[in-house]
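A.B. asks: Sequence unavailable; structure follows:
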């Protein structure tokens with residue numbers, strides 16, 4: 001797969017587990033469902049067997065809750081990063097699932113435009129890329145877990161793989177707890193199953 005960065009680190013970028021939608025809360029404050037908490041624990045104990053050196057998470061509760069079992073397993077602190085938060089949709093109206101998908105498609109295809117008072121996709125991608133690069137520059141030969149969100153992770157992987165035109169399709173095929181792997185600057189595993 002294409003290489004966009006020079007690195008000595010191995011990154012596992014994980015989308016958070018299943019989210020509970022709470023209409024009277026900001027989207028950034030939504031927690032995991034009970035099932036999501038169980039799945040995150042299974043991931044930490046059954047899927048990822050080799051230890052991590054560092055764990056970073058978005059500062060949103062659903063990402064922190066997903067990272068928590070990993071932190072407990074490896075006795076590591078979760079380093080929370082605002083920059084790894086999802087494309088900010090807190091100022092937007094609560095929407096039906098169908099309307100939400102329409103706005104996601106618009107936001108991902110017109111990445112410099114604002115829809116439903118959301119952050120622009122390019123702004124979200126820019127802050128994510130800058131923080132990722134900063135972490136990469138500060139570390140050498142580390143195994144690093146980053147827990148983040150579906151929209152921003154798909155933007156990041158689409159950018160790395162020169163696949164921005166299909167970013168909405170990529171997002172549609174990405175499930176909770178899907179993950180990608182970037183090893184020494186090479187994408188070994190895409191975040192999406194889109195082929």
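C.D. replies: It's in. What you see is a predicted model; the values in this text were computed from it and never measured.
A.B. asks: Determine how far the last residue of stretch 72-89 lies from the first.
C.D. replies: Chord length of stretch 72-89, first to last residue, is 30 Å (Cα to Cα, to the nearest Å).
A.B. asks: Where do the helices of the chain begin and end?
C.D. replies: Defined through DSSP state H, the helices belonging to the chain, from first to last, are 34-42, 61-74, 97-109, 121-138, 150-160, 167-173.
A.B. asks: Out of those, the one nearest residue 12 is which?
C.D. replies: Ranking these by proximity to residue 12 (Cβ to Cβ) places helix 61-74 first, at 9.5 Å. Quick note: C-beta positions are derived from backbone N, CA and C, even for glycine.
A.B. asks: What residues of that closest one count as buried?
C.D. replies: Residues of helix 61-74 classed as buried by neighbour count (16 or more other Cβ atoms under 10 Å): 61, 62, 63, 64, 65, 66, 67, 68, 69, 70, 71, 74.
A.B. asks: Could you dump the residues you listed into JSON lines and include distance to residue 151 and pLDDT?
C.D. replies: Output for the buried residues of helix 61-74, formatted as JSON lines (distance: Cβ to Cβ, whole Å; pLDDT from 0 to 100):
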{"residue": "61", "distance to residue 151": "17", "pLDDT": "96"}
{"residue": "62", "distance to residue 151": "13", "pLDDT": "96"}
{"residue": "63", "distance to residue 151": "13", "pLDDT": "97"}
{"residue": "64", "distance to residue 151": "18", "pLDDT": "97"}
{"residue": "65", "distance to residue 151": "18", "pLDDT": "97"}
{"residue": "66", "distance to residue 151": "16", "pLDDT": "97"}
{"residue": "67", "distance to residue 151": "18", "pLDDT": "97"}
{"residue": "68", "distance to residue 151": "22", "pLDDT": "97"}
{"residue": "69", "distance to residue 151": "23", "pLDDT": "95"}
{"residue": "70", "distance to residue 151": "22", "pLDDT": "95"}
{"residue": "71", "distance to residue 151": "24", "pLDDT": "96"}
{"residue": "74", "distance to residue 151": "27", "pLDDT": "92"}
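A.B. asks: For the residue nearest to residue 20 when sequence neighbours are not counted, give me the pLDDT.
C.D. replies: Counting by Cβ to Cβ, 6 or more residues apart in numbering, residue 33 is the residue found nearest to residue 20 once chain neighbours are left out, at 4.6 Å. Per-residue pLDDT puts residue 33 at 92.
A.B. asks: got it, and residue 90?
C.D. replies: Turning to residue 90, the model gives it a pLDDT of 84.
A.B. asks: residues contacting it?
C.D. replies: Applying Cβ atoms under 8 Å, 6 or more residues apart in numbering, one finds that residue 90 lies in contact with 26, 27, 28.
A.B. asks: Roughly how far does it sit from residue 60?
C.D. replies: Taking Cβ to Cβ, to the nearest Å as the measure, residue 90 falls 10 Å from residue 60.
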